[in-house]
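Chemist: need a structure here:
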Amino acid sequence: MIIGQPGSGKSTLAREVGEIAHLPVFHMDHIHWQPGWVERSPDEKDVLCSQIHSMDRWVFEGGHRRSWPERLARADTVIWLDMPVTLRLWRVTRRTLRYNGRSRPDLPPDCPERLNAEFYGFIWRTRTSGREKCAALFDMTREDQARHHFTSAKAVRGYLHALRYVARRGNLGISHR
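Modeler: Alright, predicted model coming up:
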């Protein structure tokens with residue numbers, strides 16, 4: 001389970017962890033949005049999230065706090081990407097320029113990336129409240145769950161390096177899950 005605020009690197013980390021650990025990856029933006037930037041209802045999102053949670057293996061990144069308790073109950077690992085707001089704003093700008101007019105891999109088709117002042121405002125307005133919500137969820141993890149709280153890109157790179165090292169030796173402990 002990967003949590004964090006917009007631009008923290010959730011989608012990128014999810015793809016990399018999925019590739020290293022040979023796990024299916026699910027992006028909340030695929031559940032939140034339908035083609036054409038049409039938002040699904042909260043109930044629809046609940047059902048789709050529950051279908052993923054019921055699977056034996058997954059990497060699931062993103063929000064929809066209504067589904068967090070169920071996701072947390074099923075997760076063996078919780079990763080909180082707690083990046084500075086300035087870095088997150090820069091990353092959102094960079095990906096917007098990279099995918100301008102096209103859909104990102106973590107979005108449904110026909111959701112072209114675009115500069116969106118409202119989204120930048122959301123990131124800024126929720127920089128404290130969103131962090132507090134992630135912190136509260138992270139504090140709810142159980143003792144049997146692996147917990148990782150990353151506050152820098154360097155820490156994430158170190159984690160991925162270590163994960164690749166362990167995977168090369170066949171010690172991820174997920175081959176029979």
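Chemist: where's the spatially most central residue of the chain relative to residue 18, distance?
Modeler: The chain has residue 61 as the residue nearest its centroid, 2.6 Å off, counting by CA atoms, centre = their mean. According to CB to CB, to the nearest Å, residue 61 and residue 18 sit 10 Å apart. (Glycine included, C-beta is placed from N, CA and C.)
Chemist: Need the overlap of contacts for those two.
Modeler: Common neighbours of residue 61 and residue 18 (criterion: CB atoms under 8 Å, 6 or more residues apart in numbering): residue 25.
Chemist: what residues does stretch 66-75 touch?
Modeler: Contacts of stretch 66-75 (CB under 8 Å, 6+ apart): 1, 3, 42, 45-46, 49-50, 53-54, 60, 78, 137, 140-141, 145.
Chemist: just curious, which of the residues you listed is nearest to residue 93?
Modeler: residue 3 (21.9 Å; CB to CB).
Chemist: which SS state does the closest one fall under?
Modeler: strand (DSSP: H, G, I helix; E, B strand; the rest coil).
Chemist: surely it meets residue 138?
Modeler: Yes. Under the criterion of CB atoms under 8 Å, residue 3 makes contact with residue 138 at 7.3 Å.
Chemist: of those two, who's got more company?
Modeler: residue 3 (26 against 18; other CB atoms under 10 Å).
Chemist: okay, and for the chain, where does confidence drop off?
Modeler: Counting by pLDDT under 70, the chain contains low-confidence ranges at 171-177.
Chemist: For it, which segments count as helices?
Modeler: Assigned by DSSP state H, the chain shows helices spanning 10-21, 28-32, 42-53, 68-74, 85-99, 117-125, 129-139, 153-168.
Chemist: Can you add distance to residue 110 and give those helices back as JSON lines?
Modeler: Output for those, formatted as JSON lines (distance: least, CB to CB, whole Å):
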{"stretch": "helix 10-21", "distance to residue 110": "18"}
{"stretch": "helix 28-32", "distance to residue 110": "13"}
{"stretch": "helix 42-53", "distance to residue 110": "18"}
{"stretch": "helix 68-74", "distance to residue 110": "27"}
{"stretch": "helix 85-99", "distance to residue 110": "13"}
{"stretch": "helix 117-125", "distance to residue 110": "18"}
{"stretch": "helix 129-139", "distance to residue 110": "27"}
{"stretch": "helix 153-168", "distance to residue 110": "30"}
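Chemist: closest to residue 106 out of these?
Modeler: That would be, of these and by CB to CB, helix 10-21, which comes in at 4.0 Å.
Chemist: what is the orientation angle of the closest one with helix 85-99?
Modeler: Helix 10-21 runs at 80 degrees relative to helix 85-99, counting by axes from the mean of the first three to the mean of the last three CA atoms, to 10 degrees.
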